[in-house]
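**Q** What would the 3D arrangement of this be:
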Amino acid sequence: MAKPKPSLPFSFFLLFLLLSLTITPSQSFVPNHPIPAPTSFIVSSCRATRYPALCVHCLAAYGGAIQRSDHHLAQAALIVSLARARSAASFVAKLSQARRIKLRELRAVRDCVENMGDSVDGLADSVRELGRSGRDVGRDFTWHMSNVETWVSAALTDENTCMNGFGGRAMDGAVKVAVRQRVVDVAQVTSNALALVNRFASRHRPVTVAAGEP
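**A** A predicted model of the protein is given here:
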């Protein structure tokens, strides 16, 4: 399958998204201007995700950059997920230094700090790798996309592992609520990003012909 033509130079696309993300926990990375109506392409694409309403909400502001590019859509979803993961990781790291925190909660928080750090690393690697995939076709494309899918899936596992550390009624309390509020949101956004990455890969991965077939 022919490589899809990007609607604008990819480096400019990444720069646009990185500059337009407002990294403030209270606004959950929603740009500090009214969100435009989502494009039909974003709405229809987000139906492939587990949390379609959240998907549309996160990506609607970038419709002009995404246009109708599966590649740009997946890249935008990963960048938003990375930004939220970084904010959640920073919050949890600060929480690990809080006073008057129970020992079992402190242990869970410290484990979560490590999990979220791994998640951030995996998502950052995925953003870079997906950028490289847009310049390749054939076996190179398949290799890049396999890396991206593996790393995003691992990042999602890290996020869920963080929350698993707060399982059980003994962990109920303000610390668990605060961590859950941020990390569950990140996990949902990452789940959506993974679905859009898988969708892009399945649409553009080259078709292999078995030996002996015409």
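**Q** Show me which parts of the helix or strand hosting Leu73 are buried, residue by residue.
**A** Element membership of Leu73 [criterion: DSSP states H and E] is helix 70-95. Within helix 70-95, the residues that qualify as buried are 70-92, 95, counting by 16 or more other C-beta atoms under 10 Å. For glycine as for every other residue, the C-beta is placed from the backbone atoms N, C-alpha and C.
**Q** I'd like the mean pLDDT over it, please.
**A** Across helix 70-95, the average pLDDT comes to 95.
**Q** Next: stretch 121-131.
**A** Across stretch 121-131, the average pLDDT comes to 94.
**Q** and it, which residues are buried?
**A** Across stretch 121-131, burial judged by 16+ other C-beta under 10 Å covers 121-127, 129-131.
**Q** Kindly reformat those as CSV containing distance to Phe141.
**A** Converted to CSV, those look like this (distance: C-beta to C-beta, whole Å):
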residue, distance to Phe141
Asp121, 23
Gly122, 20
Leu123, 20
Ala124, 21
Asp125, 17
Ser126, 15
Val127, 17
Glu129, 11
Leu130, 11
Gly131, 13
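**Q** Among the residues you listed, which one lies nearest to Gln181?
**A** Leu123 (19.5 Å; C-beta to C-beta).
**Q** ok, Val189 to Ala88 distance?
**A** 10 Å (C-beta to C-beta, to the nearest Å).
**Q** and the helix or strand encompassing Gly117, what does it pack onto?
**A** Element membership for Gly117 (DSSP H and E) is helix 103-133. With contacts taken as 3 or more C-beta pairs under 8 Å, 6 or more residues apart in numbering; DSSP states H and E, helix 103-133 sits against helix 10-20, helix 70-95, helix 139-164, helix 174-204.
**Q** Just the angle for it relative to helix 139-164, thanks.
**A** Relative orientation of helix 103-133 and helix 139-164, computed by axes from the mean of the first three to the mean of the last three C-alpha atoms, to 10 degrees: 170 degrees.
**Q** List the contacts of Val148.
**A** 126, 129-130, 133, 197, 201 (C-beta atoms under 8 Å, 6 or more residues apart in numbering).
**Q** cool, Val56 as well?
**A** Counting by C-beta under 8 Å, 6+ apart, Val56 touches 38, 42-43, 46.
**Q** Find the residue at the geometric middle of the chain.
**A** Central residue check for the chain by C-alpha atoms, centre = their mean: the C-alpha nearest the mean position is that of Ser81, 3.1 Å away.
**Q** right, and that residue touches Val186 too?
**A** Yes - look at Ser81 against Val186 with C-beta atoms under 8 Å: they come within range, at 6.9 Å.
**Q** about what we covered before: most neighbours per residue, which of the helices and strands packed on helix 103-133?
**A** Most buried of those, by mean neighbour count (mean count of other C-beta atoms under 10 Å): helix 70-95, with a mean of 23.
**Q** name the helices or strands packed onto that one?
**A** Counting by 3+ C-beta pairs under 8 Å, 6+ apart, helix 70-95 packs on helix 10-20, helix 40-46, helix 52-59, helix 63-66, helix 103-133, helix 139-164, helix 174-204.
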